[in-house]
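here's a sequence, model it:
(one chain, ligands or ions: 2)
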Amino acid sequence: MLNKDFLTMQQLTQKELFDLLDLAAKLKDERKRGIAHPILAGKTLGMIFQKSSTRTRVSFETGIYQLGGQGLFLSANDLQIGRGEPIEDTARVLSRYLDGIMIRTYSHESVEKLAEYASIPVINGLTDYAHPCQVLADLQTIREYKGGFDGMKFCFIGDGNNMANSLAVGCLLAGMSFSIACPKKYAPDAKVLEFAKAYGDKFTVTESIEEAAKDADVLYTDVWASMGMEEEAAQRHRDFAGYQINADLMKLAHKDAIVQHCLPAHRGEEITADVLEAHAKEIFDEAENRLHAQKAVMATLMNR
Ligand code: CP
Ligand code: NVA
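Ligands and ions are numbered 1, 2, ... in the order given. Next comes the predicted model:
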C-alpha cells in the first residue's frame with residue numbers, strides 16, 4: 001500500500017499504480033497548457049544524494065517547485081551522515097524541518113531505516129535494489145505510446161539490477177508480461193523472483209536475448225555496471241558481451257516496438273547508437289516523464 005512512503009513497486013496495488021499514472025498524466029497536461037497547480041505551496045522536499053544524478057535531481061527539484069514548494073539539495077558527503085551520524089537521528093531531525101525526503105543511496109535497508117524513523121514521507125530516488133520512480137515514468141511513457149498494458153510483452157536485456165527489479169514488478173502489476181535476458185549469475189533479486197511467481201509464465205528469465213526480444217512491444221536496457229560497481233566493470237563487460245539492443249535484435253520484436261532506457265546510456269555496450277537515435281523520441285519522452293510521475297508521487301504523499 002502507498003501509505004507514508006514510496007520505496008518499492010511491490011508496495012503498490014494495481015489501483016494505486018494506475019491512480020499515480022492518471023495523476024501524472026493530468027499534471028503533465030496541465031503543465032503543457034500553462035495551468036499552475038501549487039498543491040504543495042509552502043512545503044519543502046529534502047533531497048539526499050549519495051550517488052551522482054542528472055534526471056532525478058533536476059526533475060525532483062523542478063517538480064517540487066512547480067507544485068509550489070521548494071527542494072533542498074543535500075549531498076550526503078556534506079551532511080553529518082557522511083561523518084557517521086546515524087540514519088535514525090538524521091531521520092528524526094529532518095522530520096522537524098521538512099515535509100518530505102527523497103534519497104538516492106546504495107543500501108536499500110538504510111532507506112527503509114530512514115523511512116521507519118522519519119515521520120514524513122520518504123521517496124526512494126534509487127538504491128542498489130530498486131528505482132521505482134523511474135518505473136512510474138517508464139509506465140507512463142508506455143501508456144502514452146501504446147494506449148495501455150494488457151497483452152503486451154516487455155523485454156529487458158541485461159543486468160538484473162535495480163532497474164530490472166523494479167521494472168519486473170511494475171510491468172507485471174500493470175498487466176504486461178515481462179521477459180529478461182541476462183547471464184545466469186545476474187538474475188533479478190530473489191524477492192522479485194518470489195513476487196513474480198504469482199504471475200506464472202507471464203514472467204520469464206532466460207540467457208537468450210532472442211527469446212526475450214521475440215514479439216516484444218517494449219525493449220528496455222540499462223548499463224552493464226551500475227553506480228557503485230566500478231570495480232567489477234571489466235568483469236561485467238566480459239560477462240555482458242552480446243547483451244545488447246541493436247538493429248538485428250529489433251527485427252525480432254514487433255514492428256512498432258518502442259525502446260526505453262533509463263539513461264545514462266553507454267552507446268556500443270548495452271545499446272547501439274543507431275537504435276538509441278532511432279528511438280530518441282520515446283527515450284527522451286521517458287526522461288521527461290520523470291518530472292510528471294514524481295510530481296504525482298509528491299502530490300499524493302506530501303499533501304496528506
Ligand atoms: N535515470 C536516472 O535516474 O538518471 P539519473 O542518474 O541522472 O538521476
Ligand atoms: N542501474 C543504474 C541506473 C541509473 C539510473 C545505476 O544504478 O547506476
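
from ligand 1, how far out is Glu144?
Here Glu144 is placed at a distance of 18 Å from ligand 1 (CB to the nearest ligand atom, to the nearest Å). Placement of C-beta: from N, CA and C, glycine included.

so what's the residue count around the closest residue to that residue other than its chain neighbours?
The shortest distance from Glu144 to any residue other than its chain neighbours is 6.9 Å, reached at Asp285 (CB to CB, 6 or more residues apart in numbering). Using other CB atoms under 10 Å, Asp285 has 16 neighbouring residues.

and Asp285, what pLDDT?
You'll see Asp285 listed with a pLDDT of 99.

helix, strand, or coil at it?
What DSSP: H, G, I helix; E, B strand; the rest coil gives for Asp285 is helix.

repeat for Asp248
Following three-state DSSP, we place Asp248 in the helix state.

residues near it, how many?
Applying other CB under 10 Å, we find 13 residues neighbouring Asp248.

pLDDT at it, what is it?
At Asp248 the predicted local distance difference test score is 98.

for Glu116, see how far away it is.
Counting by CB to CB, to the nearest Å, the separation of Asp248 from Glu116 is 48 Å.

do the same with Lys251
In terms of CB to CB, Lys251 sits 49 Å off from Glu116.

ok, back up a step: the residue nearest to Glu144 is in contact with Gln140, isn't it?
No: at 9.0 Å, Asp285 does not count as touching Gln140 under the criterion of CB atoms under 8 Å.

which parts of stretch 208-218 are buried?
Buried residues in stretch 208-218, counted by 16 or more other CB atoms under 10 Å: 209, 212-213, 216-218.

can you tell me which two in the residues you listed are farthest apart?
By the measure CB to CB, Ile209 and Asp217 form the most distant pair in the buried residues of stretch 208-218, at 16.1 Å.

who are the contact partners of the residue most central in space within the chain?
Closest to where the C-alpha atoms of the chain average out (CA atoms, centre = their mean) is Gln134, at 2.3 Å. Counting by CB atoms under 8 Å, 6 or more residues apart in numbering, Gln134 makes contact with 126, 163, 166, 262, 290.

let's verify it: helix, strand, or coil?
Remark: Gln134 carries the secondary structure label helix [criterion: three-state DSSP].

looking at it now. What's its pLDDT?
Reading off the per-residue confidence, Gln134 sits at a pLDDT of 99.

low-confidence ranges in the stretch 51-200 of the chain?
By pLDDT under 70, the stretch 51-200 of the chain contains no weakly predicted segment.

got the residues of it near ligand 2?
Residues of the stretch 51-200 of the chain lying close to ligand 2 (CB under 6 Å from any ligand atom) are 126, 161-163.

now Glu61. Nearest residue, chain neighbours left out?
Closest residue in space to Glu61, ignoring its immediate chain neighbours: Gly71 at 3.9 Å, by CB to CB, 6+ apart.
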